[in-house]
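Novice: Sequence first, predicted model second:
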Amino acid sequence: MSENNPENQKSEEKEDSEVKEAETEETIETEKEVKTKFTFKCTRCDECCMSRGPIPITFWDLEMWAKNGVVANFMPYLDIYQKPDGTIDLILKPLVPVKEGEGETTPKDPFDSIPIEELLEVKCPLYNKDDKKCLIYDNRPLSCRTYPLEFDGKNFIVVDADCPGIGEEGMTKEDLAEMRETAKRMHYELTRMRIALPVLNQIVSTNFMKMLMKQQMEAMSKMSDDDKAKLDEIFKKQAETNEHDHEHEL
Ligand code: SF4
Ligand code: SF4
């Protein structure tokens, strides 16, 4: 489900030749084809929506959703994902796969605690499999608009060698320029988010802890002497139990 934006028509052929595939033999083969001439037209097969895993969300998406008044609709599906390389992304969290014996219509819990690593290749939470359509197409994230083309700051990369849209005829020079521009925009927006997220996370957690401590101190100050004595007793018993457990471990 890819779509594009305009601009930058200089050195078309040079940039075409920069479009490249990564890593596997299969993708390197595709790279040769892509280098010759990259053409793409989404066939709307929806395979990407069925198996993309976490979809990175950027400030561009948040701003678009705020402008369209739909941010709240996305809240249950947003999560933070720390990748193995340490980068932290805001993502659309994929749906928990249907377990054996459960019907396809079993409601899914978006807050399910299954590790995101186990959800890397599952369905986007906003894809309706029965109707075969994106539930938020007009508000779909930038990442979906540029798929399967990405820009890494230097080169364009086709991230899904199996996307059936690759090689489809019908792409104009304007379409290609627009697709490249969207990929560049995605790279820029993702970088902004990756810089901001750890900082915001740190500030929010620090303030949250301060607020909790303040609430706790206020609650303590309102307690009667009897309640305080009871609380001390609970803490004392807990400390004795911990000490006892520790001796057993030794
Ligand atoms: S896998 Fe490719 S062709 Fe299929 S919907 Fe996604 S972008 Fe379009
Ligand atoms: S948001 Fe829409 S276009 Fe993007 S992966 Fe989900 S269903 Fe597909």
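Specialist: All right, it came through fine. Ligands and ions are numbered 1, 2, ... in the order given.

Novice: Ile55: neighbouring residues, count only.
Specialist: 24 (other C-beta atoms under 10 Å). In this view, the C-beta of every residue, glycine as well, is placed from N, C-alpha and C.

Novice: Could you report the pLDDT at it?
Specialist: Looking at Ile55, its pLDDT stands at 92.

Novice: so it makes contact with Leu90?
Specialist: No. Look at Ile55 against Leu90 with C-beta atoms under 8 Å: they stay out of range, at 9.9 Å.

Novice: Quick check: next helix or strand after the helix-or-strand element of the chain with minimal mean pLDDT?
Specialist: Ranked by mean pLDDT, DSSP states H and E, the weakest helix or strand in the chain is helix 25-36, scoring a mean of 42. For helix 25-36, the following helix or strand on the C-terminal side (DSSP states H and E) is helix 47-51.

Novice: what packs against that next one?
Specialist: Here helix 47-51 touches no other helix or strand, going by 3 or more C-beta pairs under 8 Å, 6 or more residues apart in numbering; DSSP states H and E.

Novice: does it come close to ligand 2?
Specialist: Yes. Interface with ligand 2: helix 47-51 contributes Cys49 (C-beta under 6 Å from any ligand atom).

Novice: can you tell me if whichever helix or strand comes after that helix touches ligand 1.
Specialist: Counting by DSSP H and E, the next helix or strand C-terminal to helix 47-51 is strand 55-57. No. Judged by C-beta under 6 Å from any ligand atom, strand 55-57 stays clear of ligand 1, getting no closer than 12.1 Å.

Novice: Name the residues that touch strand 55-57?
Specialist: Leu78, Asp89, Leu90, Ile91, Leu92, Cys124, Pro141, Ser143, Cys144, Leu190, Met193 (C-beta atoms under 8 Å, 6 or more residues apart in numbering).

Novice: Pairing partners for that strand, with directions?
Specialist: strand 88-92 (antiparallel) (DSSP bridges).

Novice: For the partner strand, buried residues please.
Specialist: Asp89, Leu90, Ile91, Leu92 (16 or more other C-beta atoms under 10 Å).

Novice: Tell me if I'm right that the first one and Met193 touch.
Specialist: Yes. In this structure, Asp89 is within contact of Met193 by C-beta under 8 Å, at 7.1 Å.

Novice: tell me which residues form a beta bridge with the one residue sitting closest to the centre of the chain?
Specialist: In the chain, the residue lying closest to the centroid (C-alpha atoms, centre = their mean) is Ile91, at 2.2 Å. Applying DSSP bridges to Ile91 gives these bridge partners: Pro56, Asp79.

Novice: Let me know the next secondary structure element after the longest helix seen in the chain.
Specialist: If you go by DSSP state H, the chain has its longest helix at helix 173-221. Later in the chain than helix 173-221, the nearest helix or strand by DSSP H and E is helix 225-249.

Novice: which outside residues touch that next one?
Specialist: The contact list for helix 225-249 (C-beta under 8 Å, 6+ apart) reads Met220, Met223.

Novice: now swap in stretch 83-95 and tell me
Specialist: Residues contacting stretch 83-95 (C-beta under 8 Å, 6+ apart): 52-58, 74, 77-82, 108, 110, 116, 119-120, 122-126, 141, 190, 193-194, 197-198, 201.

Novice: Assign Pro94 to helix, strand or coil.
Specialist: Following DSSP: H, G, I helix; E, B strand; the rest coil, Pro94 is assigned to coil.
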